[in-house]
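K.L.:
Whatever this is, show me its structure:
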Amino acid sequence: MVCRTVIGEVRHALNSRLDELVESAEGCAHYRQEPRTRACRKGARVNVVFDNTINLGHIISAVGFLVGGVSVFFALKSRLMVIEVLSAGQAKVIDAIQDEIKEMRKVVQEQARFDVKLATLERDLYDLKTGRGFIFDRPFVPSKD
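P.N.:
Numbering: from 1, shown residues only. The predicted structure is shown next:
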């Protein structure tokens with residue numbers, strides 16, 4: 001019976017305090033605009049309290065963060081080393097391709113020179129067929145003898 005009366009008194013006190021808080025929050029102009037505000041009474045101060053104790057959960061969380069950070073570091077480091085090895089191999093392939101391109105450029109230049117020489121020979125052959133000589137720059141006229 002004593003427990004019921006104590007519980008009833010606590011319940012009544014909590015309900016009255018809750019009603020006071022709701023009334024003070026409803027009277028505030030910022031209540032509807034900023035729903036994150038807990039107490040919006042004029043002159044009300046929100047006291048922030050930090051707990052300075054360290055328990056097992058804090059230690060486990062800190063160790064977990066450290067282990068996760070170290071594992072990410074080593075995983076990224078190994079991936080970076082693999083990428084460096086692959087890029088070194090690709091650099092060798094790129095150098096070989098550039099050497100081949102230089103050789104092909106030389107072949108194309110030689111072929112262009114050969115084409116010019118061939119065109120010159122064709123023109124000279126045409127000149128010989130039409131009667132022009134290499135010495136004279138005028139057409140050859142056969143004699144009537």
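K.L.:
How many residues are close by Thr120?
P.N.:
Neighbours of Thr120 under the rule other C-beta atoms under 10 Å: 10. In this view, the C-beta of every residue, glycine as well, is placed from N, C-alpha and C.
K.L.:
tell me the mean pLDDT over the strand or helix carrying it?
P.N.:
Assigned by DSSP states H and E, Thr120 belongs to helix 56-130. For helix 56-130, mean pLDDT rounds to 91.
K.L.:
domain assignment for the chain?
P.N.:
1-44, 77-134 (automatic domain parsing).
K.L.:
and the ones you listed as a markdown table, adding distance to Thr53?
P.N.:
Shown next, in a markdown table, are the domains of the chain (distance: least, C-beta to C-beta, whole Å):
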| stretch | distance to Thr53 |
| --- | --- |
| domain 1-44 | 24 |
| domain 77-134 | 37 |
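K.L.:
Kindly list the main-chain dihedrals of Ile54?
P.N.:
phi -120, psi 130 (degrees, to the nearest 10).
K.L.:
Could you report the neighbour count for it?
P.N.:
Applying other C-beta under 10 Å, we find 9 residues neighbouring Ile54.
K.L.:
measure it to Phe65 for me?
P.N.:
With distances taken as C-beta to C-beta, to the nearest Å, Ile54 is found 15 Å from Phe65.
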